[in-house]
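Asks: Quick one, structure for this:
(one chain, ligands or ions: 2)
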Amino acid sequence: MAVDRVIKSGFVSILGLPNAGKSSFLNAVINYELAITSRKPQTTRKNLKGIYNDENSQIVFVDTPGIHEVKNKLDDYMSKSISKSIDDIDLVAVIVDIMTYDTDNYYKIDKIISKVNAKKILLINKCDLIEYDEEELIKKIKSKFDDKVNFEKTFFISALKKKNIKNTIEFIKKELPDGNRFYSEDDLTDEPTKQIIADIIRQQCLYKLEKEIPHGIAVIVESMKKSKSKCMNIVAKIICERDSHKGIIIGKNGIMIKNIGTGARIAIERFIDNKVNLKLDVVVKNNWRDEKTLLANYGYDGKEL
Ligand SMILES: Nc1nc2c(ncn2[C@@H]2O[C@H](COP(=O)(O)OP(=O)(O)OP(=O)(O)O)[C@@H](O)[C@H]2O)c(=O)[nH]1
Ligand SMILES: [Mg+2]
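Replies: Ligands and ions are numbered 1, 2, ... in the order given. Model prediction:
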């Protein structure tokens, strides 16, 4: 009979401003492209768990939306998700982008982490992009946080190039309590497959559509069924806010939606390791980002937080 060995285990919340590289860090630690990333801010809309496993530890990393101003009910959902991520947390990893560290927005991070008793570490990310003086930069960045915020340790990392990720994990492990696994050793996440596929499709929208349009897009996967030939037939809906946006998403002679569909199909096939036939519909729902019921239908249900 298998006996649960005591290991180091716990939860780590990944916090930071939009675009700092939180989702890229999650992917780097679990060594799998689970979380969607993009150059556009507010790519992540809901908390996503990525589970790191080895023989003597299990670390559940929680990727969160970037901390930003609340302008509608979707923002409010995102903001509540961030607060939820620090409930009962064992450690907080605050990520700062080395290229944009010089902002006045640190008070937004302070507001969240001042409520946390758990230990905190500072991760200075995108270190592949420039030369820097470690001591000078640590001093500068720490001075931007509230005086009361104390970081146990600072790491200079590159989530993209996977630089210094191992050392960061080793440090986190030591900080976690003794315990058992919360999830099976083979689990990478507890997120439903349909939700991950919806996000993969939204990522293609973020890549291929300009300006504000992707921010007003939601995606739901309506059905997934394997055909006799073992191909996975997926039907999904892209929701946008205006007729004019629908026109742009479909594109002249349907070229844009075809492009989005091809990119998404390839990424989904990689994710589920199966051939995919993807059918995308585009519908308009004015103002969905401010409608509670629609938000819940599209995967952003405040009651689930
Ligand atoms: N050069 C470089 N780029 C990075 C690094 N980490 C992330 N990026 C890029 O920065 C952009 C934002 O990364 P994300 O991981 O989506 O950032 P995020 O903090 O999750 O963003 P939100 O979810 O919008 O808050 C993407 O284009 C990433 O490829 C890094 O270490 N080096
Ligand atoms: Mg993200």
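Asks: burial of residue 305, as a residue count?
Replies: Other residues near residue 305 come to 14 when the count uses other Cβ atoms under 10 Å. From N, CA and C alone the C-beta is placed, and that goes for glycine too.
Asks: ok, it to residue 85 distance?
Replies: In this view, residue 305 and residue 85 are 10 Å apart by Cβ to Cβ, to the nearest Å.
Asks: excluding its backbone neighbours, what's nearest the residue in the stretch 51-200 of the chain positioned nearest to ligand 1?
Replies: Checking the stretch 51-200 of the chain residue by residue against ligand 1 with Cβ to the nearest ligand atom singles out residue 66 as nearest, at 2.7 Å. Excluding its sequence neighbours, the residue lying closest to residue 66 (Cβ to Cβ, 6 or more residues apart in numbering) is residue 18, at 2.9 Å.
Asks: Am I right that the one you found is in contact with residue 75?
Replies: No - at 11.3 Å, residue 18 and residue 75 do not qualify as touching, with contact defined as Cβ atoms under 8 Å.
Asks: Touching both of the two, which residues are there?
Replies: residue 68 (Cβ atoms under 8 Å, 6 or more residues apart in numbering).
Asks: ok, now which ones touch the residue of the stretch 51-200 of the chain found nearest ligand 2?
Replies: Of all residues in the stretch 51-200 of the chain, the one sitting closest to ligand 2 is residue 63 (6.0 Å; Cβ to the ion). Under the criterion of Cβ under 8 Å, 6+ apart, the contact list for residue 63 reads 14, 22, 23, 25, 26, 35, 44, 47, 48, 49, 50.
Asks: and the second one, what does it touch?
Replies: Residues counted as contacts of residue 22 (Cβ under 8 Å, 6+ apart) are 14, 15, 16, 44, 63, 64, 66, 95.
Asks: Please repeat the previous calculation with a cut-off of 10 Å.
Replies: Contacts of residue 22 were listed using Cβ atoms under 10 Å, 6 or more residues apart in numbering, and they are 13-16, 35, 37, 43-44, 48, 61-67, 93-95, 97, 123, 125, 159.
Asks: if I pick the residue nearest to it when sequence neighbours are not counted, what's in contact with it?
Replies: Leaving aside its sequence neighbours, residue 22 sits nearest to residue 14 (Cβ to Cβ, 6+ apart; 4.6 Å). Residue 14 sits next to 20-23, 25-26, 29, 35, 44, 47-48, 50, 61-64, 85, 92-95, 123 when contact means Cβ under 10 Å, 6+ apart.
Asks: switch the cut-off to 6 Å
Replies: 22, 25, 61, 63, 93 (Cβ atoms under 6 Å, 6 or more residues apart in numbering).
Asks: ok, now residue 292?
Replies: Contacts were defined as Cβ under 6 Å, 6+ apart; by that measure residue 292 touches no other residue.
Asks: Check which helix or strand residue 279 maps to.
Replies: Per DSSP states H and E, residue 279 falls inside strand 276-284.
Asks: got the contact list for that strand?
Replies: The list of residues contacting strand 276-284 from outside it, by Cβ under 6 Å, 6+ apart, reads 231-240, 243, 246, 249-250, 257, 261, 265, 268-269.
Asks: May I see the buried residues of the next helix or strand after it?
Replies: Downstream of strand 276-284, the next assigned helix or strand under DSSP H and E is helix 292-297. Buried residues in helix 292-297, counted by 16 or more other Cβ atoms under 10 Å: 294, 295.
Asks: hang on, the earlier thing: quick one, which of the contacts of strand 276-284 are buried?
Replies: With burial judged by 16+ other Cβ under 10 Å, the buried subset of the contacts of strand 276-284 is 232, 234, 236-240, 246, 249-250, 257, 261, 265, 268.
Asks: Just those residues: which are in helices?
Replies: 246, 249, 250, 257, 261, 265, 268 (DSSP state H).
Asks: ok so, going back, what about the residue nearest to residue 66, which SS state?
Replies: Look at residue 18: counting by DSSP: H, G, I helix; E, B strand; the rest coil, its state is coil.
Asks: so who does residue 53 touch?
Replies: Contacts of residue 53 were listed using Cβ under 6 Å, 6+ apart, and they are residue 185.
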